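J.: I need the structure of the sequence given here:
(one chain, ligands or ions: 1)
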Amino acid sequence: MSLATPIDYLHTRHSVKFVQQPGPSDEELGRILQAAMSAPDHGRLRPWRFALIRGDAVARFADLAISTIKESGAPLTPEKENTTRRWLDKVPLLIAVACRLDHANTKIPEHERMLATGAAVCNMLNAAHMLGYGAFWSTGLGTYVDMVPEALGFDALDYRFMGFVAIGTPIQSAVPPERPDYRQFVTEWTGN
Ligand SMILES: Cc1cc2nc3c(=O)[nH]c(=O)nc-3n(C[C@H](O)[C@H](O)[C@H](O)COP(=O)(O)O)c2cc1C
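T.: Next up is the predicted model:
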């Protein structure tokens, strides 16, 4: 039996929405978060910020987010609320993701900071996959309702909130999805 090489992990990463206990140990969580620190980052601004929501706090946060969404008047059908609660019911860990705007430092454009933060998230998704966990990036759960990220310490003036990464043990084993052939997305410019 051949062992997976690191590049095989990259090729087989896929999102797993429905996860349960056990989540990553503290040591594994540290390794996942440390992977974010290797993201490409113009100007070494380290714009990524993370807030951990773990264990019982996940249910408390689901209640807070759902009541805040309702208060804000943003659309939330009973079906969507049920789906969200069913999803979060078993999730052992949410990592809330924000990009710090750092207004004083204007040399690097905002979209580059957001790209760096997205790359940091991608490193975490890959790290979770490499450690055998399922992970899923969601911009639901009130991501765009300012009061929700504010409750986590990310005010809209200083941060762009970029959603939540749920991590845990996959509830069902899943076959990695078919991916397109990269050739469909690549051209070559030769200058000739
Ligand atoms: C920034 C970002 C936000 C996302 N938000 C959601 C979301 O709110 N709901 C959802 O169903 N999928 C969302 N997705 C997509 C899933 O995380 C996942 O990538 C998608 O289901 C495809 O699965 P794959 O990663 O295995 O290709 C988001 C992806 C990204 C990059």
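
J.: list the buried ones in the helix or strand containing residue 70?
T.: Secondary structure from DSSP states H and E places residue 70 in helix 56-72. For helix 56-72, a neighbour-count test (16 or more other Cβ atoms under 10 Å) marks 58, 61, 62, 64, 65, 66, 68, 69 as buried. Yep, even glycine has a C-beta here, placed from its N, CA and C like the rest.

J.: Would you check that my belief about the last one contacting residue 148 is correct?
T.: It stands for residue 69. Yes - Residue 69 lies in contact with residue 148 (Cβ atoms under 8 Å); the separation is 7.1 Å.

J.: Identify the contacts common to the two.
T.: Here residue 69 and residue 148 have residue 142 as joint contacts, going by Cβ atoms under 8 Å, 6 or more residues apart in numbering.

J.: what's the single longest helix in this protein?
T.: Longest helix of the chain, by residue count under DSSP state H: helix 110-130.

J.: chain center to it: distance?
T.: Distance of helix 110-130 from the chain centroid (Cα atoms, centre = their mean, to the nearest Å) equals 8 Å.

J.: For the closest residue to residue 38 other than its chain neighbours, which residues are in contact?
T.: Spatial nearest neighbour of residue 38, excluding adjacent residues (Cβ to Cβ, 6 or more residues apart in numbering): residue 123 at 6.0 Å. Going by Cβ under 8 Å, 6+ apart, residue 123 touches 35, 36, 38, 39.

J.: Tell me the buried residues within those residues.
T.: Buried residues within these, counting neighbours by 16+ other Cβ under 10 Å: 35, 36, 39.

J.: Indicate each strand paired with the longest strand along the chain and its parallel or antiparallel sense.
T.: For the chain, the strand that runs over the most residues, judged by DSSP state E, is strand 159-170. Strand 159-170 has its sheet partners listed here by DSSP bridges as strand 19-20 (antiparallel), strand 93-100 (antiparallel), strand 134-138 (antiparallel).

J.: neighbouring contacts of the second one?
T.: Counting by Cβ under 8 Å, 6+ apart, the neighbours of strand 93-100 from elsewhere in the structure are 23-24, 29, 33, 45, 47-54, 58, 61, 88, 113-114, 116-117, 120-121, 124, 149, 152, 154, 158-168.

J.: rerun that using 7 Å as the cut-off
T.: Residues from elsewhere that reach strand 93-100 (Cβ atoms under 7 Å, 6 or more residues apart in numbering): 23-24, 47-54, 58, 61, 113-114, 117, 121, 124, 149, 152, 154, 158-168.
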